[in-house]
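S.K.: predicted structure and sequence below. I'll ask about it afterward.
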Amino acid sequence: MTGTRASRSAQTPRAREGQLRINVTRGFEDVAGLEQQWRQFEGPALTANFEHFHTVIDSEPTMHEPVVLTVLRDDAPESMIVARVEDVTLAFKLGYRAVWRPSVRSLTVVYRGFLGHVDDEVSDRVVDELTGMLEQGELEAVIFRRLSLDHPLYRAATTRPRYLMRQHYTRFVTCWERTLPSSFDLFLASLSKSTRTSAKRYANKLERDYASRLEVRKLSSPTHLDDYFRDAETVASKSYQRGLGVGVRDDPAHRFRAGLAAERGWFRAYILYLDRAPVAFCGGESYAGRFYYGIPGYDPAFRDYRVGQLVLLRMIEDLCEDEEVQVVDFGPGDAEYKRRFGDRSWQEADVHVFAPRLRPVAVNLGRTTILRANDAMATAARELRIFGRIKRAWRRRASSFPS
């Protein structure tokens with residue numbers, strides 16, 4: 001397409017011939033020995049980057065050890081499945097309120113943690129190996145983080161485990177991304193007329209009311225981290241995301257991960273200041289041609305200025321000028337701004353497989369019951385055309401919660 005940068009196209013894995021076997025490697029020292037082989041398989045998924053993966057485990061006390069399944073065909077490595085043993089709290093909610101929070105010892109396959117060639121045959125063998133590990137007694141669940149519905153691992157994980165082991169209710173999430181054109185003008189031209197008009201109107205209103213007292217600052221180096229966490233925390237503490245327990249926090253875990261990202265040149269943040277006070281921020285990590293958009297935040301006192309939209313557009317303008325970034329990955333969630341600014345969407349879902357023992361099976365049953373009830377209420381609210389009002393009310397209430 002004219003004016004659009006080339007992006008990687010997905011390829012459907014083809015069946016291969018040869019005998020398969022799987023090696024399971026556990027523990028930091030033994031997994032570290034796989035580094036050279038791991039790096040040969042690394043793709044555009046930041047979550048499966050060798051250093052990032054280990055940094056996440058090191059930063060969280062609930063995560064215990066790495067686990068890697070190496071798939072060999074005729075003794076030649078063909079693919080790797082990257083996972084970790086962790087204690088996971090499964091928060092089952094009605095609306096935004098958690099009504100049950102059981103904790104399970106999980107073997108969690110990280111997001112896009114499948115490296116190399118993964119076809120139907122490999123997926124079947126991997127899922128069989130993982131369910132076999134569940135039957136050994138140590139683990140209570142295997143969790144695949146956000147599998148695309150057209151990936152062979154999704155099919156295998158939802159059909160091959162025995163009836164009591166596999167999940168019986170799947171909640172899908174819509175994901176959005178945007179292929180960046182070669183200039184910000186081309187990006188704006190690609191938007192609908194109403195979106196362009198709205199963005200211009202709110203930007204003009206903000207600049208008219210604040211003029212030279214408005215500043216957007218880009219932060220990307222390790223020396224910027226103190227400023228970033230101070231100012232982002234100021235905003236995040238007022239946002240509805242904080243009330244929901246997600247988003248940026250100035251704590252050792254977030255600083256540890258941001259430190260690695262800044263040292264490797266991945267980290268970028270954009271903060272909007274009005275009268276030198278931070279009022280909105282967004283950012284993420286740039287890796288292998290993709291910009292992974294993080295959870296943004298804005299001060300609800302400035303909601304009428306659409307400050308979150310302004311700082312997002314400034315971020316996109318900067319990324320359009322960067323030849324190393326081809327795609328903005330907005331991540332999960334069907335937010336309005338993602339629909340307006342994204343140009344491709346697909347569906348993903350967490351997939352749970354539970355151990356064939358009393359407690360894990362009970363958790364599976366409870367999960368199914370609560371999720372079905374929650375989604376039935378949401379469907380009823382949509383049919384009554386009150387879902388949007390309820391959601392906005394929950395978010396306003398969440399933004400007023402103490403941090």
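M.R.: Thanks, I have the structure now.
S.K.: okay, and R146 sits in which element?
M.R.: Per DSSP states H and E, R146 falls inside strand 141-148.
S.K.: now swap in L72 and tell me
M.R.: According to DSSP H and E, L72 maps onto strand 63-73.
S.K.: wait, V122 sits on P77?
M.R.: No. Counting by C-beta atoms under 8 Å, V122 stays clear of P77, with 11.8 Å between them. C-beta here means a position set from N, CA and C on the backbone, and glycine is covered the same way.
S.K.: neighbour count winner among these two?
M.R.: When V122 and P77 are compared for neighbours, V122 comes out ahead with 26 against 18, by other C-beta atoms under 10 Å.
S.K.: in three-state terms, label that one for me.
M.R.: Three-state call for V122 (DSSP: H, G, I helix; E, B strand; the rest coil): helix.
S.K.: S192 versus that one, what's the distance?
M.R.: Between V122 and S192 the computed distance is 42 Å (C-beta to C-beta, to the nearest Å).
S.K.: got it, and G333?
M.R.: From G333 to S192 the distance is 20 Å (C-beta to C-beta).
S.K.: my read is Q309 is in a helix, agree?
M.R.: Yes. Under three-state DSSP, Q309 sits within a helix.
S.K.: burial check on I370, number of neighbours?
M.R.: The tally of other residues near I370 (other C-beta under 10 Å) stands at 18.
S.K.: which helix or strand contains it?
M.R.: Using DSSP H and E, I370 falls in helix 358-383.
S.K.: all strands for the stretch 151-300 of the chain, in order.
M.R.: 173-179, 214-219, 267-274, 277-287, 290-293, 297-298 (DSSP state E, counting those that start in this stretch).
S.K.: got a list of contacts for the shortest one?
M.R.: With C-beta atoms under 8 Å, 6 or more residues apart in numbering as the test, strand 297-298 has contacts from 232, 235-236, 238-239, 241-242, 247-248, 279-282, 307-308, 311.
S.K.: quick check, nearest of those residues to E177?
M.R.: Taking C-beta to C-beta as the measure, E177 lies nearest C282 of the contacts of strand 297-298, at 15.4 Å.
S.K.: for the closest one, which non-adjacent residue is closest in space?
M.R.: P296 (3.8 Å; C-beta to C-beta, 6 or more residues apart in numbering).
S.K.: gap between the one you found and D231?
M.R.: Taken as C-beta to C-beta, the span from P296 to D231 is 13 Å.
S.K.: who has more neighbours, the two?
M.R.: A side-by-side neighbour count of P296 and D231, using other C-beta under 10 Å, places P296 first with 26 against 21.
S.K.: distance check, the more buried one against P181.
M.R.: 22 Å.
S.K.: who does the strand holding R146 pair up with?
M.R.: Within its sheet, and counting by DSSP bridges, strand 141-148 is paired with strand 103-116 (parallel), strand 344-354 (antiparallel).
S.K.: contact partners for the residue nearest the centre of the chain?
M.R.: The centroid of the chain falls nearest to G331 when counting by C-alpha atoms, centre = their mean (5.1 Å). With contact set as C-beta under 8 Å, 6+ apart, G331 has these partners: C175, W176, Y292, Y293.
S.K.: for it, what is the enclosing helix or strand?
M.R.: If you go by DSSP H and E, G331 is part of strand 327-332.
S.K.: was I right about I295 contacting V248?
M.R.: Yes. Judged on C-beta under 8 Å, I295 makes contact with V248 at a distance of 6.7 Å.
S.K.: quick revisit: G333 and S192: who's more crowded?
M.R.: A count of neighbours by other C-beta under 10 Å puts G333 above the other of G333 and S192, at 12 against 9.
S.K.: quick check: pLDDT value at the more buried one.
M.R.: pLDDT, G333: 93.
S.K.: how near is it to I143?
M.R.: Counting by C-beta to C-beta - G333 and I143 are separated by 19 Å.
S.K.: now do the end-to-end distance for stretch 256-276.
M.R.: Chord length of stretch 256-276, first to last residue, is 27 Å (C-alpha to C-alpha, to the nearest Å).
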